[in-house]
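Visitor: Sequence first, predicted model second:
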Amino acid sequence: MILLCVYSSGDYYIRAYWCGVPIQLFPIIATAALPEPVFDPDEPRPELVSVTGPGISFAYCHENADFVIDGHEAGLGNCFAETFRTMI
């Protein structure tokens, strides 16, 4: 048995040897296809949260900066936000 462990999909050559001598019928080509990731519907998926609106690009002191945080596709979870000052 030959176990092929790869990190990306594609075609791979497999060569086999017995006492350092190549075995007939080799090399062979093995096609590896990685499975699609399986997500638990109860686990949060923060990469699916989107933020839109004019308030994400600029704001003025003492005025509201409106934006929408949309997490309806991200699963169950709580939203927490904080502000911090950048030094540009």
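Guide: Structure received.
Visitor: shaky segments in the protein?
Guide: In the predicted model, the chain carries pLDDT under 70 at residues 1, 83-88.
Visitor: quick one, domains of it?
Guide: Following automatic domain parsing, the chain resolves into domains at 1-35, 39-88.
Visitor: can you pull out the strands in this structure?
Guide: 10-14, 17-18, 21-22, 28-32, 50-52, 68-70 (DSSP state E).
Visitor: And for residue 64, nearest residue in space, chain neighbours not counted?
Guide: Computed as Cβ to Cβ, 6 or more residues apart in numbering, the closest residue to residue 64 that is not its neighbour in sequence is residue 55, at 7.5 Å. Every C-beta, even on glycine, is put in place using the N, C-alpha and C of the backbone.
Visitor: contacting residues for that neighbour?
Guide: 64, 65, 66, 67 (Cβ atoms under 8 Å, 6 or more residues apart in numbering).
Visitor: Quick check: the residue lying closest to the third one once chain neighbours are set aside vs residue 74, distance?
Guide: Spelled out, it's residue 66. Residue nearest to residue 66 in three dimensions, not counting chain neighbours: residue 55, with 4.7 Å by Cβ to Cβ, 6+ apart. Plainly put, residue 55 is 20 Å away from residue 74 if you go by Cβ to Cβ, to the nearest Å.
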